[in-house]
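S.K.: Following is a predicted model, sequence given first.
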Amino acid sequence: MAAALAVATVALLCLTVVPSHAALQVGFYSGKCNGTDVEATIKSIVAARFARDRSIVPALLRLQFHDCFVRGCDASILLDGSGTEKTARPNLSVRGYDLIDQAKAALESKCAGVVSCADIIVVATRDAVVL
């Protein structure tokens with residue numbers, strides 16, 4: 001009985017979720033970065049790391065999960081300082097920050113302020129999983 005109630009509750013909650021219309025999609029940044037292919041730039045950085053260290057795949061998956069878990073997928077896990085998500089006990093062993101920083105630096109040099117860190121985390125994680 002309790003299991004059936006739990007399943008029914010979850011099903012009802014799933015029906016109340018409203019889809020987002022501002023979702024990241026393949027090609028979202030096309031034409032927005034001064035001729036730079038944002039996704040290809042991120043993909044090349046991820047592929048280079050993957051060639052040296054295949055454990056980057058679970059590392060990026062974990063980084064994305066821990067970013068999204070607290071306040072949504074907002075890249076708040078990248079913020080430095082005491083009392084931040086990055087310094088919270090469950091996140092102390094999260095890896096992949098340097099790869100995200102590398103991708104952000106590469107994109108900032110081409111189109112400053114255009115590509116969000118949250119989007120870089122998502123695209124990098126997607127590309128790592130594909131590899």
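M.R.: Received it, and whenever you're ready, just let me know what you need. Numbering: from 1, shown residues only.
S.K.: low-scoring pLDDT stretches of the protein, where are they?
M.R.: Counting by pLDDT under 70, the ranges of the chain that qualify are 1-23.
S.K.: any idea how far residue 50 is from the residue nearest to residue 87 when sequence neighbours are not counted?
M.R.: The shortest distance from residue 87 to any residue other than its chain neighbours is 7.2 Å, reached at residue 81 (C-beta to C-beta, 6 or more residues apart in numbering). From N, CA and C alone the C-beta is placed, and that goes for glycine too. From residue 81 over to residue 50 the distance is 30 Å, taken as C-beta to C-beta, to the nearest Å.
S.K.: mind checking how far residue 66 is from residue 73?
M.R.: Distance, residue 66 to residue 73, using C-beta to C-beta: 10 Å.
S.K.: ok, now which ones touch residue 79?
M.R.: 85-86 (C-beta atoms under 8 Å, 6 or more residues apart in numbering).
S.K.: Quick check: it vs residue 115, distance?
M.R.: Between residue 79 and residue 115 the distance, using C-beta to C-beta, works out to 17 Å.
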